[in-house]
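*Asks:* Here you go, sequence then predicted model.
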Amino acid sequence: MKTLPSARPNHPCDDWRLCCKGSASNSTLSAHGPIDRFAWSADIRHRNTVTLIVHREPTMSIPPWLEASGEAMWALVDRYTRNVRYKRGAKEAGLNADPPVIDCSGWVAMLLACGMKAANSSANSDIFSANDIAAVDTWSDHMIEVLNRQSGWMLEGGEITADALPAFATIGLQQGGGAWANNRPRPRGITHVVQLIQRPHDAERFVSESQGWAEPYGLRFMPLANWLNVTRAYVAPGKAWAVNAFARVG
């Protein structure tokens, strides 16, 4: 049991443990199956403190800081999925709108920043610098370029398979977009980006994305195998690239 300050952080993941609110039974996703057994609970008992009680089955053997990253990103997905609409150009601040909105790169940047901060907190050191965290706050094509440059790791097209992808890969796709896609330099033509996440209790992998091109619109997630199947036409050479923000320190 750990007692945490009740004040809301400036960023949802300044204290990543506060990202997950409510018990699993109140989860935004639990009714849909994938996280029915995700046993976080937050018990607010005092005016000035929040008591966080964590009950979690052991996960696969990964470094503690990386496990913390995964838990933090999962907590954000649990908090916001199906409650946030897609809006092109909307970033983290869009979550304060009514109704809340965010676009694909804004969402992935938020997840990655949250995961990096959680890693630093878990390791009690700056595994990721402030510049590393700030660098992911960018548009989709440039995000893939930045993460490839930082890690030196990339998969392309047919190399992107369930077996080849690491736990928390970021995938950029050419999905068209029309005239608006000319708003930024896009050497690879990437107009959509998604983030792999893991369910903490069993390491099952899912894809989280803010989608404006296909139903259901807005923040959504699906099992990795299903996502690879429905995006098969886009996961092709010269059309899709996967990078790993956490590879260089793994």
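*Replies:* The structure has been received and is ready for your questions.
*Asks:* is the nearest residue in space to residue 85 that is not next to it in sequence in a bridge, and if so with what?
*Replies:* What sits nearest to residue 85 in space, not counting adjacent residues and going by Cβ to Cβ, 6 or more residues apart in numbering, is residue 218, at 4.4 Å. Just so you know, the C-beta spots here come from the backbone N, C-alpha and C atoms, and that holds for glycine as well. Note on residue 218: beta-bridge partners residue 211, judged by DSSP bridges.
*Asks:* neighbours around residue 218, how many?
*Replies:* 22 (other Cβ atoms under 10 Å).
*Asks:* per-residue confidence at it?
*Replies:* With respect to pLDDT, residue 218 scores 93.
*Asks:* Renumber starting at 27 from here on
*Replies:* Okay, using 27 as the starting number, the last item reads as residue 244.
*Asks:* neighbouring contacts of the helix or strand hosting residue 248?
*Replies:* Assessed by DSSP states H and E, residue 248 sits inside strand 244-249. Contacts to strand 244-249, defined as Cβ atoms under 8 Å, 6 or more residues apart in numbering, come from residues 55, 60, 103, 106-112, 128, 133, 223, 230-237, 256.
*Asks:* Any of the residues you listed buried? List them.
*Replies:* The neighbour count (16 or more other Cβ atoms under 10 Å) marks 55, 60, 103, 106-107, 110-112, 128, 133, 223, 231-237 as buried among those.
*Asks:* Select from the contacts of strand 244-249 every entry located in strands.
*Replies:* Counting by DSSP state E, the part of the contacts of strand 244-249 found in strands is 111, 112, 128, 223, 231, 232, 233, 234, 235, 236, 237.
*Asks:* In contact with the fifth one: list those residues for me.
*Replies:* Residues near residue 231 by Cβ under 8 Å, 6+ apart: 188, 191, 193, 222, 223, 224, 225, 249, 250.
*Asks:* What of residue 251?
*Replies:* Here residue 251 is in contact with residue 188 (Cβ under 8 Å, 6+ apart).
*Asks:* Name the helix or strand for it, please.
*Replies:* Under the criterion of DSSP H and E, residue 251 resides in helix 250-256.
*Asks:* helices or strands next to the next helix or strand along the chain from that helix in the packing?
*Replies:* Next helix or strand after helix 250-256 toward the C-terminus (DSSP H and E): strand 266-269. Under the contact definition 3 or more Cβ pairs under 8 Å, 6 or more residues apart in numbering; DSSP states H and E, strand 266-269 sits against helix 166-177, strand 181-182, strand 196-199.
*Asks:* looking at those, which is buried most?
*Replies:* strand 196-199 (a mean of 26; mean count of other Cβ atoms under 10 Å).
*Asks:* So what's the model's average confidence on that one?
*Replies:* Per-residue scores along strand 196-199 average to 96.
*Asks:* Relative to it, what are the paired strands and their orientations?
*Replies:* strand 218-224 (antiparallel), strand 266-269 (antiparallel).
*Asks:* Return the residues in contact with residue 262.
*Replies:* Neighbour list for residue 262: 183, 184 [criterion: Cβ under 8 Å, 6+ apart].
*Asks:* Pull up the gap between it and residue 198, please.
*Replies:* 13 Å (Cβ to Cβ, to the nearest Å).
*Asks:* secondary structure element for the residue nearest the centre of the chain?
*Replies:* Centroid-nearest residue in the chain: residue 137, 3.5 Å away (criterion: Cα atoms, centre = their mean). For residue 137, the element it lies in under DSSP H and E is helix 130-149.
*Asks:* Now do that helix: which elements does it pack against?
*Replies:* Using 3+ Cβ pairs under 8 Å, 6+ apart, helix 130-149 sits against helix 90-106, helix 156-161, helix 166-177, strand 218-224, strand 231-237.
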